[in-house]
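*Asks:* fold the following and give me the result.
(one chain, ligands or ions: 2)
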Amino acid sequence: MIYIYGGNLYTFLGNEAKRGKEMSDINIIEDVGILVAEKIIAVGKRQDIETQYIKEISEAIKIDATNKTILPGLIDCHTHFIFGGYRAEEFSWRLKGDSYLSIMERGGGINASVKATREASFNDLYESGYSRLEKMKKMGITTVESKSGYGLDRDSELKMLEVMKKLNEDHPLDLINTFMAAHSVLPEYKGKEKQFLKEMLEVAKEVKEKDLAYFIDIFTEKGVFSVEDSYFYLAEAKKLGYKLKAHVDEMSEGFGGCEMAVEVGCVSADHLLKVSEKGIEKLSKSDTVATLLPLTAFCLAEEYAPARKLIDSDCVVALASDYNPGSCHCNSIPLLIALACIYMKMDIKEVICALTINAANAICRQEAIGTIEKGKQADIVIMDCPSIDYLVYGTANNYCQTVIKKGEVIYRG
Ligand code: NIG
Ligand code: FE
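*Replies:* Residues are numbered from 1 along each chain as shown. Ligands and ions are numbered 1, 2, ... in the order given. Predicted coordinates for the structure are as follows:
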């Protein structure tokens, strides 16, 4: 057992996703007491907890959090962190005026990572994946959504997903797997996208039978997969038992990806840099989570997703890194927070909401994680600052000091 005391707790309450004004409705307990085993046993005013749980506290490991900020473990609900090779040269090409899609068209982009990932051994992917998880842990991330999609054939996609399964077993962070073979079109499938998707649905069936992925995802974009093909693919995948996600409205204006994602029943619609008015309206009337990825917009030097408009229109907004070898080789949560507050005009309370309970909803884990309440999994982060305001004020500084996962200290800085 662990007893955390002193310090200021900031958490949302309940399992439901928060929208509009609810995203600022954070619950604060100053001088808090939190008693945890694998799950949270009790949380409240320190004085109350200490009179009620005398014996348990006397036996517990004690962590003094006086003057510190306590948050639910952060959830990175959109990553592509398993990949072979790097694409550093693409960043400088983009800085000189090349676009992401034009690099992709001439064989770079995702297809370059596919080649490197196919060549990588299980062990290579496992080792690099493990060290990336270690870096995430040090920023207070306790759960990670992880996409395949650099294999694009049965064996390589299964290899990626098996690596994730083993990492989930061996590393303290929890991984939620997404099958994303519909990530790119290889030259041999140009003009035969639907055939490729049908083949990948066969793989999806096997992946589901082996219980290797909970979600399925597709890159709906000009030159990649059309809105019509995406709808077909996701609707078929739903019948196989998948929960749905889609990369939509990232690069092209008026493509209709967001509308498609809501209509087919996606749990989340991700990116949304170019989301239309109609897309926003549809989202606001649905439970689909708008997962925004500011680090990608930053790295691509694109305009940010209209976070303010989405929140003010009552959409459910989550934030994630999108960490991947191409469009966003960055997973800095401190930088993400800075971008969300400074450029997307989100309040820090909304940002915390977007990285905790709303992110939990984006991966369907809201019953277990995302808030600090009795009965929830004891995933807790202690930041070395007295209030959440410092997370913006100390721009891009990593304040994370202690990380507790399922009641165990997994990091102390
Ligand atoms: O979310 N847009 C598609 N997928 C990733 C990029 C992957 C890559 O460039 O390797 C994204 O931005
Ligand atoms: Fe992505």
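*Asks:* all contacts plus neighbour counts: C-alpha atoms, from now on.
*Replies:* Will do.
*Asks:* give the contact list for the residue in the chain that ligand 1 sits nearest to.
*Replies:* Ligand 1 sits closest to G326 of the chain, with a gap of 3.5 Å, by C-alpha to the nearest ligand atom. For G326, the contacting residues are 86-88, 90-91, 109-110, by C-alpha atoms under 8 Å, 6 or more residues apart in numbering.
*Asks:* 10 Å instead?
*Replies:* Residues in contact with G326 (C-alpha atoms under 10 Å, 6 or more residues apart in numbering) are 80, 86-91, 100, 108-110, 112-113, 296, 299-300.
*Asks:* repeat that for Q52.
*Replies:* Q52 touches 42, 46, counting by C-alpha under 10 Å, 6+ apart.
*Asks:* for it, give its distance to E209.
*Replies:* 47 Å (C-alpha to C-alpha, to the nearest Å).
*Asks:* please apply the same query to E373.
*Replies:* Computed as C-alpha to C-alpha, the E373 to E209 distance reads 34 Å.
*Asks:* grab the longest strand from the chain for me.
*Replies:* Longest strand of the chain, by residue count under DSSP state E: strand 174-182.
*Asks:* per-residue confidence averaged over that strand?
*Replies:* Average pLDDT, strand 174-182: 98.
*Asks:* could you do stretch 281-298 as well?
*Replies:* 98.
*Asks:* next: stretch 384-404.
*Replies:* 98.
*Asks:* same check, this time on stretch 100-107
*Replies:* For stretch 100-107, the per-residue pLDDT averages 91.
*Asks:* list the buried residues of the lowest-mean-pLDDT helix or strand in the chain.
*Replies:* Across the helices and strands of the chain, mean confidence by mean pLDDT, DSSP states H and E is lowest for helix 100-105: a mean of 92. Buried residues in helix 100-105, counted by 16 or more other C-alpha atoms under 10 Å: 100-101, 103-105.
*Asks:* C-terminal to it, what's the next element?
*Replies:* helix 110-119 (DSSP states H and E).
*Asks:* does the longest strand of the chain pack against any helices or strands, and if so which?
*Replies:* Packing partners of strand 174-182 (3 or more C-alpha pairs under 10 Å, 6 or more residues apart in numbering; DSSP states H and E): strand 141-147, helix 154-170, helix 193-209, strand 215-218, strand 243-248.
*Asks:* the residue nearest the centre of the chain: what's it in contact with?
*Replies:* The chain has C77 as the residue nearest its centroid, 1.6 Å off, counting by C-alpha atoms, centre = their mean. Listed by C-alpha under 10 Å, 6+ apart, the contact set of C77 reads 143-146, 175-176, 268, 270, 291, 293, 318-322, 354-356, 358-363.
*Asks:* mind checking which of those are in strands?
*Replies:* Judged by DSSP E, the contacts of C77 include 143-146, 175-176, 268, 270, 291, 318-319 as members of strands.
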